[in-house]
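Asker: can't give you the sequence, but here's the structure:
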């Protein structure tokens, strides 16, 4: 299995608080991704990174920011969490964009009350 | 934009039954197509893929054929096991190399 660790695995917090989720990889892959998984929507891309300090928005980026200061770490931040951001968040990595599969972490279940 | 449509679940089968999970897509160009599987409490794992028309992806007894004429990539398995119970996602890689996922289909296999 690809070496991807997400932390925390579970978190409960209150509306309006900041939240940071961490994705750590040991594969030295260039590309990293954050998705959210919601019933009836499958997985939707929030942000992705194509290198250190290089990031771009995905389909559902509003309310989220990311940072990548090292190849191995990709952080997802909710500056002021809302109940609509309650979801399961998955990190993924890939060696390249084309012709390479994405490998997923085990997810972070985030509940915002 | 590009999209993937999967049959709604849950799909409930007895062990050793034949499985089909339908997947159709809308895309510009000729995307690569994927099936991912998600076991309870885990992330998605790549099950199989096909990169061009008429390609057949296969793995662990599962198969799917890239049908350009019907824009489909249906997942099949001849004899399911209880351990195949999971959520299955069809996905395509769009022309910006992003993955577009279907909504997932839950498979429940009973002994």
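Answerer: Here it is on my side, so go on. Every value quoted in this text rests on a predicted model; they were computed, and no experiment measured them. Numbering: from 1, shown residues only, chains lettered A, B, ... in the order given.

Asker: Okay, the residue nearest the centre of chain A and chain B: tell me how far apart.
Answerer: Nearest to the geometric centre of chain A sits residue A:34, at 2.7 Å (C-alpha atoms, centre = their mean). Taking C-beta to the nearest C-beta, to the nearest Å as the measure, residue A:34 falls 12 Å from chain B. For every residue, glycine as well, the C-beta is placed using N, CA and C.

Asker: does that residue sit in a helix or strand, and which one?
Answerer: Using DSSP states H and E, residue A:34 sits in strand A:31-38.

Asker: Which residues does that strand contact?
Answerer: A:21, A:23, A:25, A:43-50, A:58, A:60, A:64, A:66, A:68, A:74, A:76, A:85, A:87-97, A:102, A:107 (C-beta atoms under 8 Å, 6 or more residues apart in numbering or on different chains).

Asker: can you check stretch A:46-58 too?
Answerer: Here stretch A:46-58 makes contact (C-beta under 8 Å, 6+ apart) with A:30-36, A:44-45, A:59-61, A:64-71, A:74, A:76, A:89, A:97, B:98.

Asker: let's see it at 6 Å
Answerer: Outside stretch A:46-58, the residues within contact range by C-beta atoms under 6 Å, 6 or more residues apart in numbering or on different chains are A:30-34, A:36, A:45, A:60-61, A:64, A:66, A:68, A:71, A:74.

Asker: Could you check it and say which residues are buried?
Answerer: For stretch A:46-58, the neighbour count (16 or more other C-beta atoms under 10 Å in any protein chain shown) marks A:46-49, A:55, A:58 as buried.

Asker: Please narrow those residues to those residing in strands.
Answerer: Residues of those located in strands (DSSP state E): A:46-49, A:55.

Asker: Which single one of those residues is nearest to chain B?
Answerer: residue A:48 (7.8 Å; C-beta to the nearest C-beta).

Asker: re earlier: dump the buried residues of stretch A:46-58 into TSV; add pLDDT as well.
Answerer: Output for these, formatted as TSV (pLDDT from 0 to 100):
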residue	pLDDT
A:46	97
A:47	97
A:48	95
A:49	95
A:55	95
A:58	93
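
Asker: Output those as a markdown table; include the columns distance to residue B:21.
Answerer: A markdown table is the format used below for the buried residues of stretch A:46-58 (distance: C-beta to C-beta, whole Å):
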| residue | distance to residue B:21 |
| --- | --- |
| A:46 | 26 |
| A:47 | 30 |
| A:48 | 27 |
| A:49 | 32 |
| A:55 | 34 |
| A:58 | 26 |
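
Asker: backbone phi and psi for residue B:58, please?
Answerer: Backbone dihedrals for residue B:58, given as degrees, to the nearest 10, come out at phi -150, psi 150.

Asker: can you pull out the strands in chain B?
Answerer: Counting by DSSP E, the strands of chain B are B:3-6, B:11-14, B:19-21, B:23-26, B:32-38, B:44-50, B:56-59, B:62-65, B:75-77, B:86-93, B:99-101, B:105-110.

Asker: Show me what counts as buried in the second one.
Answerer: Of all the residues in strand B:11-14, those buried under the rule 16+ other C-beta under 10 Å are B:11, B:13.
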